[in-house]
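1. Generate coordinates for the sequence data below:
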Amino acid sequence: MPSVIKASALPTHDSTRDGRKRIDLVTEEMFGFTDLRADYILYQPGDTAAAHYHVGARHVWFIAEGRGILHLDDEAHEIAAGDVCTAGDGEVHWFEATGDEPFGFYELWVPAPVETVWVVPDDI
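-> Predicted structure coming up:
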């Protein structure tokens, strides 16, 4: 497994739902890790994710830029750059970008999730 992966070689995925982009930072395929997975997610103003939860993992987000709302189970939390948020195994969550600038965060799962479950199956 490599020790360094250049930014230009990191796997990047565009959302089919809106303008979001995901950059894989740590995956089993990249480094062989199963006890951690990490991504960087970048939302454009107005983007929203679909409600979902993860099986077998705790989730941690480090908000790096912009402002948004974290929906966590039945609560909505206004968040901004510098905030840290968590969700437990099975907690339903999704984000909205609420500012006029991009909204980005690092997300970590510990350990890597066994499965992601979409609350509305076709809304991914």
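
2. Identify the residues contacting residue 59.
-> If you count contacts by CB atoms under 8 Å, 6 or more residues apart in numbering, residue 59 has them with 86-88, 91, 93, 107-109. In this view, the C-beta of every residue, glycine as well, is placed from N, C-alpha and C.

3. Quick check: the gap between the nearest residue to residue 87 once chain neighbours are set aside and residue 99.
-> Counting by CB to CB, 6 or more residues apart in numbering, residue 87 lies nearest to residue 59, which is 4.3 Å off, once chain neighbours are set aside. Separation of residue 59 from residue 99 (CB to CB, to the nearest Å) stands at 22 Å.

4. Roughly how far does the residue nearest to residue 87 sit from residue 7?
-> 24 Å.

5. which phi and psi does the residue nearest the centre of the chain have?
-> By CA atoms, centre = their mean, the chain has its centre lying nearest to residue 107, at 4.8 Å. When read as degrees, to the nearest 10, the backbone of residue 107 gives phi -120, psi 140.

6. Show me the strands in the chain, by range?
-> Assigned by DSSP state E, the strands in the chain fall at 12-14, 21-26, 37-43, 52-55, 58-65, 67-72, 75-80, 84-87, 93-97, 103-110, 115-118.

7. I'd like to know which of those lies nearest to residue 3.
-> Shortest distance between residue 3 and the strands of the chain, using CB to CB, is found for strand 21-26: 12.5 Å.

8. Only alpha carbons, please: show the closest one as CSV.
-> Below are the C-alpha coordinates for strand 21-26, written out as CSV (Å, rounded to 0.1, in the frame of the first residue of the first chain):
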residue,chain,number,x,y,z
LYS,A,21,-18.5,16.4,-4.8
ARG,A,22,-16.8,13.7,-2.6
ILE,A,23,-13.1,13.2,-2.5
ASP,A,24,-12.0,9.8,-1.0
LEU,A,25,-9.2,10.4,1.5
VAL,A,26,-8.9,7.0,3.3
